[in-house]
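Undergrad: fold the stuff below for me.
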Amino acid sequence: MNPYRKRFDAMTPFPFECVYRDTKSAQNELPDHFHDWYELVYIYSGKGTFFVDQTFYDAVAGDIFLIPGNTIHRSFPDPDEPKTSTALFFNASLVHGAPLGDSFSYLRCFEQAKRQKRYRLSAEADVERQTIVALMESIHQEESGKLPGYRQAVLLHLQHILLLLGRTLPSVQVPAVSSSAPSWMTAILTYIDSHPGSPLGLAQLAKRAAVTPAHFSRVFKKLTGMNVTEYVTTKRIIRAKELLTESDVNVAEIAEQCGFESLPHFHRMFKKLTGMTPSHYKRSEN
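TA: Predicted coordinates for the structure are as follows:
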């Protein structure tokens, strides 16, 4: 199993990281990865392709990507014009607060992105773009200076960004556009997402896509960066994590619903990808 699980310190009192104005080439870009933390990416310049969950996006300057926790994603920089971006990572616990008699949540933009399977926004209005860029700059300055109260300041700036995105989200959604993915590929990714318990081997998926297994394997690896087995197993574990926290179904039933051939195999893969057993994960989330 090669999907990269970006690891954060689960015990840190301030679950936040900022990777500021980073430019990556295709050679030093992270492989596919997923993590429990939320990720917000703003692109300043350059271009490339983003693969998020089951969708491919052409990424350009001004785009914002909202990546909820436990979502497979990868960035492919353009070899001639690699993108420069800032990425903010944070645990949901950081922005959970008292409701204040209002139903608004700082995670609203992420929740809607996940529900609608649309993870890219375009900050078309100059005032929105300038505000987000300024807030990210302020976060970087606070983290660099480390003056008393800098973490409180970082949190306030992050909340301001999430408030702005949560308010403007309905009007700034942009459909996925990528010329690199054939229609059968996007259909197969949707099928895998919707049928974790079904047979999802290379032969079955290639037959459904009406292409040869060799062609399927080659295109799948090129576009997602993962082979079929790695991708399917990771998606099944992500679904299992959801069931463990959102339902009272026992571990054996969850393993079966998620397409694992045996309970020991499920335990082995779950621990390999999450660092803990299913039972431990369920206790830690409750």
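Undergrad: tell me how far the ends of stretch 184-204 are from each other?
TA: End-to-end distance of stretch 184-204 (Cα to Cα, to the nearest Å): 13 Å.
Undergrad: mind listing what's buried in it?
TA: For stretch 184-204, the neighbour count (16 or more other Cβ atoms under 10 Å) marks 184-186, 188-189, 192, 196, 200, 202 as buried. For glycine as for every other residue, the C-beta is placed from the backbone atoms N, C-alpha and C.
Undergrad: cool, and stretch 274-286?
TA: 274, 278, 281-282.
Undergrad: among the buried residues of stretch 184-204, which two are most distant?
TA: By the measure Cβ to Cβ, the buried residues of stretch 184-204 have their two most distant members at W184 and P196, which lie 19.5 Å apart.
Undergrad: pLDDT for the buried residues of stretch 274-286 - can I get that in CSV?
TA: Formatted as CSV, the buried residues of stretch 274-286 follow (pLDDT from 0 to 100):
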residue, pLDDT
T274, 87
P278, 94
Y281, 89
K282, 88
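Undergrad: from the residues you listed, which ones fall inside helices?
TA: 274, 278, 281-282 (DSSP state H).
Undergrad: let me see the contact set for Y20.
TA: If you count contacts by Cβ atoms under 8 Å, 6 or more residues apart in numbering, Y20 has them with 86, 136, 139-140.
Undergrad: got it, and M136?
TA: 18, 20, 42, 86, 88, 157, 161.
Undergrad: distance check, it against C258.
TA: 37 Å (Cβ to Cβ, to the nearest Å).
Undergrad: next, format the buried residues of stretch 274-286 as a markdown table and append distance to L100.
TA: Below are the buried residues of stretch 274-286 laid out as a markdown table (distance: Cβ to Cβ, whole Å):
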| residue | distance to L100 |
| --- | --- |
| T274 | 34 |
| P278 | 36 |
| Y281 | 31 |
| K282 | 31 |
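Undergrad: of those, which is the nearest to A240?
TA: P278 (6.8 Å).
Undergrad: enumerate every residue touching that closest one.
TA: Contacts here follow Cβ under 8 Å, 6+ apart; on that basis P278 touches 240, 244, 251, 254-255, 266-267, 270.
Undergrad: among the residues you listed, which are in helices?
TA: 240, 244, 251, 254-255, 266-267, 270.
Undergrad: most neighbours, which of those?
TA: With neighbours defined as other Cβ atoms under 10 Å, the most crowded of these is F270; it has 27 neighbours.
Undergrad: list the residues that contact it.
TA: Counting by Cβ under 8 Å, 6+ apart, the residues that F270 touches are 237, 240, 276-278, 281.
Undergrad: could I get the residues you listed in JSON lines, plus columns for distance to L66?
TA: Formatted as JSON lines, the contacts of F270 follow (distance: Cβ to Cβ, whole Å):
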{"residue": "I237", "distance to L66": "22"}
{"residue": "A240", "distance to L66": "23"}
{"residue": "M276", "distance to L66": "26"}
{"residue": "T277", "distance to L66": "30"}
{"residue": "P278", "distance to L66": "28"}
{"residue": "Y281", "distance to L66": "24"}
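Undergrad: show me where the stretch 51-200 of the chain has strands.
TA: Using DSSP state E, counting those that start in this stretch, the strands of the stretch 51-200 of the chain run over 55-60, 63-67, 73-77, 84-90, 120-122.
Undergrad: would CSV of the ones you listed with mean neighbour count and mean pLDDT be doable?
TA: Formatted as CSV, the entries for these read as follows, by neighbours: other Cβ atoms under 10 Å; pLDDT from 0 to 100:
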stretch, mean neighbour count, mean pLDDT
strand 55-60, 20, 89
strand 63-67, 23, 92
strand 73-77, 21, 87
strand 84-90, 21, 95
strand 120-122, 20, 80
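Undergrad: so which of those is nearest V228?
TA: Of all the strands of the stretch 51-200 of the chain, it is strand 73-77 that lies closest to V228, at 15.4 Å by Cβ to Cβ.
Undergrad: helices or strands up against that closest one?
TA: strand 33-34, strand 47-52 (3 or more Cβ pairs under 8 Å, 6 or more residues apart in numbering; DSSP states H and E).
Undergrad: which one of these lies nearest to T233?
TA: Nearest of these to T233, taken as Cβ to Cβ: strand 33-34 at 11.9 Å.
Undergrad: so where is the protein shaky, pLDDT-wise?
TA: For the chain, the stretches flagged by pLDDT under 70 are 1-10, 25-33, 122-127, 169-180, 286.
Undergrad: who's in contact with the closest residue to F16 other than its chain neighbours?
TA: Distance criterion Cβ to Cβ, 6 or more residues apart in numbering; nearest residue to F16, sequence neighbours excluded, is F90 at 4.6 Å. Contacts for F90 (Cβ under 8 Å, 6+ apart) come out as 15-17, 37-38, 158.
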